[in-house]
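Asks: Quick check, what structure comes out for this input:
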Amino acid sequence: MVEIFPFRGLTYNKEKIKNFSTVITPPNDVISEKKKEEFKAKSPYNFVNLILPNKSKDKYQNAAKLFKKWKEENVFVKDNEETIYVYTQDYSTNGKKFRRLGFLSLIKLEDWGKDVLPHEKVFEEDLKDRIALITATKADFGVPFILYDDREKIIDAIIEKEIDGKEPYIDFLDEEGIEHRLWKISNKEFIDKIRNEMEKYQCIMADGHHRYTSEVRVKDILNIEGAKYGLMCFVNSFNEGIMIVPTNRVVFGLNVDMDAFLGRLREYFEVEEVEDIHKLAEMVSGTKIMIDKTINLKNHVFGVYSKLNKMGYFLKLKDNNVLDNILSNDTDIYKKLDINILHKIIIEKILGITEEQQRNREHIGFVTWNEETIKRLENEDVQFAFFLNPPLMREVFLIARAGETTPQKSTHFYPKVFSGLVVYKMEES
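Replies: Here you go, the predicted structure:
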């Protein structure tokens, strides 16, 4: 069902750039102001100058002018042939090595619900910046990350065979020690095989809901042939290199009575005191997820650490059907997601943080990795930290196919698909 296309992409010129780690960056939404300045210091050609232009009245036009200048100076060079770009990321975690295998190509842009399904909410305020940048530059700098479910790994095998023994065009280590490699494949037989196989799948957006939505909106704004297509990274959901890590929550700025808070928690959860925050986080992540696939039932555990009384609490849900009355019109799988149980019962019902406040980041923050969550609690004016397990891959597909969307920042797919590996410049006709 998905129609993909090779294209003549723009890549950094090896004659100009000797070390790709100085110019290629993570996506814009994970780059802080501090990191932005660090990236800019690495090279005058760092990609952050395009994806996060300096704040000014004309910042988007300035990014477009800089992009044009870099093309004219051959900092970026355009490939001569229609190409699909194979992308691997090699990384280690908990002493184990993983490789995530995917490819970058164009897709014909359609509204959500046909070829590509969302699983997270999209907020209008977050779209404005990307729409303005794409419209000004007429280029896709960011790369949405899309999943397809090739259980037999047919596409993976085709890709592995094609790149076997070939030197990648790009090969570098990022600051976390992840090795990024990119191959340019213009072999027509290979491209036809990939295109034919991908026509079997309806895909799920993993990371990049706002980038994809922005590309769809720009299609109507620009009304040019090239805007009908968008740059994507496709990865098989059965690839062993895919990891979903939790996005924890921190809460701040509330007037909370701890005794009342604990009393409300005990209405819904078995509550166990855990004084050490590191042990608490490990208890949550170390819980074996028991799941009955026939009825979408699994055990639900959470950790909450309170800075107010320097105590942690390990929570186990008493009633797996607790959301039946609160979300009476929603699907069974939606009501069984950990993230929805946390938000509906604790964040909204007990702490009183409304959905609108959450959208505006009032009283709530989103933090990836347990270590970073603990740092936020220790170093910032945070009252509570909530630890949870990430959704299962199966749950992501089920929720999308049920036509539901989870709260913002529900999933964090690791590693991030980097920006600057290849750029898609839209043609006028």
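
Asks: What's opposite the residue positioned nearest the centre of the chain in the beta bridge?
Replies: Relative to the mean C-alpha position of the chain, the nearest C-alpha, by Cα atoms, centre = their mean, is the one of residue 207, at 3.0 Å. Here residue 207 sits in beta bridges with residue 145, going by DSSP bridges.

Asks: Please name the residues that touch residue 21.
Replies: Applying Cβ atoms under 8 Å, 6 or more residues apart in numbering to residue 21 gives the contacts 42, 172-174. C-beta coordinates here come from the backbone N, C-alpha and C atoms, glycine included.

Asks: wait, is residue 249 part of a strand?
Replies: Yes. According to DSSP: H, G, I helix; E, B strand; the rest coil, residue 249 belongs to a strand.

Asks: re earlier: among the contacts of residue 21, name the ones in helices.
Replies: With helices defined by DSSP state H, the entries of the contacts of residue 21 inside them are residue 42.

Asks: Filter the contacts of residue 21 down to the buried ones and hand me the ChimeraX line.
Replies: Buried members of these, defined by 16 or more other Cβ atoms under 10 Å, are picked up in ChimeraX with:
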select :172,174
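
Asks: So which residues of the chain form helices?
Replies: Going by DSSP H, the chain shows helices at 33-42, 48-51, 59-72, 124-137, 154-163, 188-198, 209-222, 258-268, 277-285, 332-335, 338-341, 355-359, 370-379, 393-401.

Asks: among those, which gets the worst mean confidence?
Replies: When the helices of the chain are compared by mean pLDDT, helix 332-335 comes last with a mean of 79.

Asks: is residue 103 in a bridge, and if so with what?
Replies: The partner residues for residue 103, given DSSP bridges, come to residue 86, residue 234.

Asks: Let me see the contact set for residue 344.
Replies: For residue 344, the contacting residues are 323, 326-327, by Cβ under 8 Å, 6+ apart.

Asks: would you turn those into a markdown table with neighbour count?
Replies: Converted to a markdown table, the contacts of residue 344 look like this (neighbours: other Cβ atoms under 10 Å):
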| residue | neighbour count |
| --- | --- |
| 323 | 20 |
| 326 | 14 |
| 327 | 15 |
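
Asks: thinking again about what came up before, now flag whichever of the contacts of residue 21 is closest to residue 143.
Replies: Distance to residue 143, by Cβ to Cβ, is smallest for residue 174 among the contacts of residue 21, at 15.0 Å.

Asks: Now do the same contact list for that closest one.
Replies: Residue 174 neighbours (Cβ under 8 Å, 6+ apart): 21, 24, 26, 180, 418.

Asks: so how many other residues sit close to the second one?
Replies: Applying other Cβ atoms under 10 Å, we find 23 residues neighbouring residue 24.

Asks: Name all residues that make contact with the residue lying closest to it once chain neighbours are set aside.
Replies: Using Cβ to Cβ, 6 or more residues apart in numbering and skipping residues adjacent in sequence, the residue nearest residue 24 is residue 420, 4.0 Å away. Counting by Cβ under 8 Å, 6+ apart, residue 420 makes contact with 12, 23-25, 47, 51, 141.

Asks: now do residue 363
Replies: Residues in contact with residue 363, defined by Cβ under 8 Å, 6+ apart, are 251-254, 351, 353, 357.

Asks: What about those residues, which are in strands?
Replies: Using DSSP state E, the subset of these located in strands is residue 251.

Asks: Residue 274 and residue 314 touch, don't they?
Replies: Yes. Between residue 274 and residue 314 there is a contact under Cβ atoms under 8 Å: 5.2 Å.

Asks: between those two, what contacts are shared?
Replies: Contact with both residue 274 and residue 314 is made by residues 280, 283, 303, according to Cβ under 8 Å, 6+ apart.

Asks: So, low pLDDT: which residues of the stretch 1-150 of the chain?
Replies: In the prediction, the stretch 1-150 of the chain carries no residues with pLDDT under 70.

Asks: follow-up on the earlier one: okay if I get the helices of the chain as CSV plus distance to residue 97?
Replies: Shown next, in CSV, are the helices of the chain (distance: least, Cβ to Cβ, whole Å):
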stretch, distance to residue 97
helix 33-42, 26
helix 48-51, 29
helix 59-72, 35
helix 124-137, 34
helix 154-163, 16
helix 188-198, 26
helix 209-222, 29
helix 258-268, 40
helix 277-285, 20
helix 332-335, 33
helix 338-341, 28
helix 355-359, 37
helix 370-379, 21
helix 393-401, 20
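
Asks: who wins for proximity to residue 243 among these?
Replies: Proximity to residue 243 (Cβ to Cβ) singles out helix 393-401 among those, at 9.8 Å.
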